[in-house]
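K.L.:
coords please:
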Amino acid sequence: MKKWIITVVVLCLLLMTGLGIVYVQLIPFIKEYGQMEIERFNQLVISHSYFTDQKQYDELVIIERNEENEIALLDFDMVKVNQLANRIVLDIENIYSQIENGTYQAQDESYYQRRMEEVSQTGIIASLSLNTLFHLPSFLMLPSIPLTYKHLSSVGSSISKKIENYGVNHVMIELSIDIKMNIAMIYPFFEQYHTQVISIPILLEIFQGQVPLVYSS
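P.N.:
Next up is the predicted model:
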């Protein structure tokens, strides 16, 4: 009887050791798939985040002209730009807070809303193909391993602006808000921290005139 128990214990230890070795080999692939899935998910969330109407976009630019209709002053209203950035960040933080607390509810039947509710309830689920893992041809039809990723995020923003001469007598203005996601991905038995920066283009306009020398200097 004791020999039987010892045999079972030894077999269990060997099995656990073998599974542990396989899992260690899986970790790089788990991280790669997790990062790919979370970046795709972040892009989905940010692409549906808060935006405003074109009128407010136009009000972000300050242009003053002299008597010859030349551009004397060209700049951005940074108070309004920062207010817009804060609203976008707040909207994203609210969405992630509901998702991470498991309380997000779809507001309609669109793919975006259904996806948000699904992730809120189950986490991000991806499949790791054993064919890919062991570099085997796809016709062998090996099964895939389902993997669940959960994440905890913090969101920040910075402003990117660009003003330059464009063509013969025009100036091009670009304004974007860079959203920085600091993400703690919770994998099976370990955590991994990722940072992703997604740029949201806010304004791209071309105006007649030249960049003022005072701005260029």
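K.L.:
state the mean pLDDT of stretch 78-88.
P.N.:
The pLDDT scores in stretch 78-88 average 84.
K.L.:
residue 190 versus the residue positioned nearest the centre of the chain, what's the distance?
P.N.:
Centroid check for the chain by C-alpha atoms, centre = their mean gives residue 42 as the closest residue, at 2.9 Å. Distance, residue 42 to residue 190, using C-beta to C-beta, to the nearest Å: 21 Å. Placement of C-beta: from N, CA and C, glycine included.
K.L.:
low pLDDT regions in the protein?
P.N.:
1-3, 6, 8-10, 18-20, 22-23, 50-58, 133-140, 188, 211-217 (pLDDT under 70).
K.L.:
the longest helix in it is where?
P.N.:
helix 2-47 (DSSP state H).
K.L.:
pull the distance from that helix to the chain's centre.
P.N.:
What separates the centre of helix 2-47 from the centre of its chain is 25 Å, taken as C-alpha atoms, centre = their mean, to the nearest Å.
K.L.:
what is it packed up against?
P.N.:
Applying 3 or more C-beta pairs under 8 Å, 6 or more residues apart in numbering; DSSP states H and E, one finds that helix 2-47 makes contact with helix 78-101, helix 111-122, strand 124-129, helix 130-133, strand 144-166, strand 170-187, strand 190-208.
K.L.:
and the angle for that helix with helix 78-101?
P.N.:
Here helix 2-47 runs at an angle of 150 degrees relative to helix 78-101 (axes from the mean of the first three to the mean of the last three C-alpha atoms, to 10 degrees).
K.L.:
grab the nearest non-local neighbour of residue 112.
P.N.:
residue 48 (5.4 Å; C-beta to C-beta, 6 or more residues apart in numbering).
K.L.:
so what does that neighbour have for phi and psi?
P.N.:
phi -110, psi 20 (degrees, to the nearest 10).
K.L.:
neighbours around it, how many?
P.N.:
16 (other C-beta atoms under 10 Å).
K.L.:
same check, this time on residue 147
P.N.:
Other residues lying near residue 147 total 19 when counted by other C-beta under 10 Å.
K.L.:
list the contacts of it.
P.N.:
Going by C-beta atoms under 8 Å, 6 or more residues apart in numbering, residue 147 touches 30, 33-34, 125-128, 188.
K.L.:
what about 10 Å?
P.N.:
Residue 147 sits next to 26, 29-30, 33-34, 37, 123-128, 187-188 when contact means C-beta atoms under 10 Å, 6 or more residues apart in numbering.
K.L.:
could you do residue 61 as well?
P.N.:
74-77, 80-81, 161, 163, 173, 175, 203, 205, 207.
K.L.:
make it 7 Å
P.N.:
Contacts for residue 61 were tallied using C-beta atoms under 7 Å, 6 or more residues apart in numbering; they are 76, 173, 205.
K.L.:
ok, now residue 178?
P.N.:
157-158, 160, 197, 199.
K.L.:
ok so, going back, out of the helices and strands packed on helix 2-47, which gets nearest to residue 67?
P.N.:
Nearest to residue 67, of all the helices and strands packed on helix 2-47, is strand 190-208, at 15.8 Å by C-beta to C-beta.
K.L.:
buried residues in the closest one?
P.N.:
Of all the residues in strand 190-208, those buried under the rule 16 or more other C-beta atoms under 10 Å are 192, 194, 196, 198, 200, 202-203, 207.
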